[in-house]
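Undergrad: structure here, sequence nowhere to be found:
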Ligand code: 13P
Ligand code: SF4
């Protein structure tokens with residue numbers, strides 16, 4: 001887009017934000033221009049916390065549908081806008097409420113821990129929600145008596161089971177973007193950059209996580225370089241994070257593990273769509289009251305265990 005046109009859109013967004021008392025929250029995988037225009041950037045947990053804290057009347061959520069839906073569960077009195085109706089998360093749609101009820105029937109009395117990458121209906125059938133940032137803490141909190149069902153991500157689930165030593169009943173969901181990162185990608189990059197530390201997201205295949213120095217949420221990956229003496233990092237997650245890392249740590253070097261790890265849904269948001277969203281106050285994301293009331297308790301527990 002021409003610089004003048006971009007500037008014009010940004011100015012209109014700033015004006016409308018003031019008029020509507022709106023805040024722009026954006027996930028760490030968003031395109032660079034969205035990251036630069038956001039009031040707050042973060043991982044799923046940080047964005048949920050921010051939604052809970054903000055005084056703004058309107059939240060423009062630059063991310064995918066379940067993230068905006070979670071914000072609406074947390075603050076039903078606010079208007080939550082998703083600038084692109086089709087920005088969904090395929091993993092979140094890999095289990096529905098009926099399927100979760102069937103699993104629960106097979107494991108009577110089990111506790112259900114649901115990854116935040118899920119629909120409101122599935123959250124409403126759950127005891128706890130978690131993000132990749134606090135999954136281990138949430139699972140460690142649970143009593144050892146009885147089964148624990150973990151949905152929908154089998155890779156985050158098996159990572160959490162291995163780390164906590166707890167047996168989890170897993171659902172075969174996965175992230176189509178993260179499974180594009182292969183062990184060979186990590187080995188190739190390690191070979192090319194032997195001094196680099198490898199950090200990967202827990203949605204990666206277990207064979208990839210095993211090759212990593214650190215398995216972290218996107219928020220964790222953004223903090224790790226500050227604590228590490230290393231000057232180079234191989235980044236096993238959606239490639240949008242590399243832009244953010246490089247901006248935060250200009251003296252360090254970040255190599256994406258695979259350029260194929262691109263989430264098309266996260267890239268659907270544009271500055272034009274944010275502007276239209278604020279002009280038309282669309283698409284408003286709401287959750288039907290009976291679902292919201294049931295989904296709130298597990299989401300609240302997720303926000304409390306940090
Ligand atoms: P984070 O919570 O780590 O940002 O992950 C969200 C997500 O969708 C990863 O694919
Ligand atoms: Fe969903 Fe994967 Fe995209 Fe994250 S990267 S939003 S889990 S499809």
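TA: Happy to help now that I have it. Since we're looking at a predicted model, the values are computed, not measured. Ligands and ions are numbered 1, 2, ... in the order given.
Undergrad: ligand 1 contacts on the stretch 201-306 of the chain?
TA: 201, 203, 217-218 (CB under 6 Å from any ligand atom). From N, CA and C alone the C-beta is placed, and that goes for glycine too.
Undergrad: take the residues you listed and keep only those in helices.
TA: By the criterion of DSSP state H, membership of these in helices covers residue 218.
Undergrad: with distance to ligand 2 as added columns, please give the residues of the stretch 201-306 of the chain next to ligand 1 in TSV.
TA: Below are these laid out as TSV (distance: CB to the nearest ligand atom, whole Å):
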residue	distance to ligand 2
201	8
203	6
217	11
218	9
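Undergrad: pull the contacting residues for residue 153.
TA: If a contact means CB atoms under 8 Å, 6 or more residues apart in numbering, then residue 153 has 91, 115, 117, 171, 173-175, 202-203 as its contacts.
Undergrad: what does residue 111 give?
TA: Contact criterion CB under 8 Å, 6+ apart gives 127-128, 142-143, 146-149 as the residues in contact with residue 111.
Undergrad: for ligand 1, state which of these is nearest.
TA: Using CB to the nearest ligand atom, the shortest approach to ligand 1 within those belongs to residue 128, at 15.6 Å.
Undergrad: do you know the pLDDT at the residue in the stretch 101-250 of the chain positioned nearest to ligand 2?
TA: With CB to the nearest ligand atom, the shortest gap between the stretch 101-250 of the chain and ligand 2 falls at residue 175, namely 3.3 Å. Looking at residue 175, its pLDDT stands at 98.
Undergrad: what about it, how many residues nearby?
TA: Under the neighbour criterion other CB atoms under 10 Å, residue 175 is assigned a count of 28.
Undergrad: that one should be in a strand, yeah?
TA: No. Using DSSP: H, G, I helix; E, B strand; the rest coil, the secondary structure at residue 175 is coil, not a strand.
Undergrad: not counting its neighbours along the chain, what's nearest it?
TA: Leaving out its chain neighbours, the residue that sits closest to residue 175 by CB to CB, 6 or more residues apart in numbering is residue 203, at 4.2 Å.
Undergrad: can you give me the helices for the stretch 51-200 of the chain?
TA: Chain-ordered helices for the stretch 51-200 of the chain, with DSSP state H, counting those that start in this stretch as the definition, fall at 65-74, 97-106, 120-124, 135-141, 154-164, 183-192.
Undergrad: and the pLDDT at residue 2?
TA: For residue 2, the model assigns a pLDDT of 78.
Undergrad: kindly report the same for residue 253.
TA: In this prediction, residue 253 carries a pLDDT score of 98.
Undergrad: gap between it and ligand 2?
TA: Computed with CB to the nearest ligand atom, to the nearest Å, the distance linking residue 253 and ligand 2 is 23 Å.
Undergrad: what's opposite that residue in the beta bridge?
TA: residue 232 (DSSP bridges).
Undergrad: and the helices of the stretch 51-200 of the chain as a markdown table, adding distance to residue 233 and mean pLDDT?
TA: What follows is the helices of the stretch 51-200 of the chain, written out as a markdown table (distance: least, CB to CB, whole Å; pLDDT from 0 to 100):
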| stretch | distance to residue 233 | mean pLDDT |
| --- | --- | --- |
| helix 65-74 | 25 | 97 |
| helix 97-106 | 37 | 98 |
| helix 120-124 | 33 | 98 |
| helix 135-141 | 22 | 96 |
| helix 154-164 | 19 | 97 |
| helix 183-192 | 10 | 98 |
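Undergrad: looking at those, which is closest to residue 51?
TA: Set against residue 51 and scored by CB to CB, the helices of the stretch 51-200 of the chain come closest in helix 65-74, at 3.9 Å.
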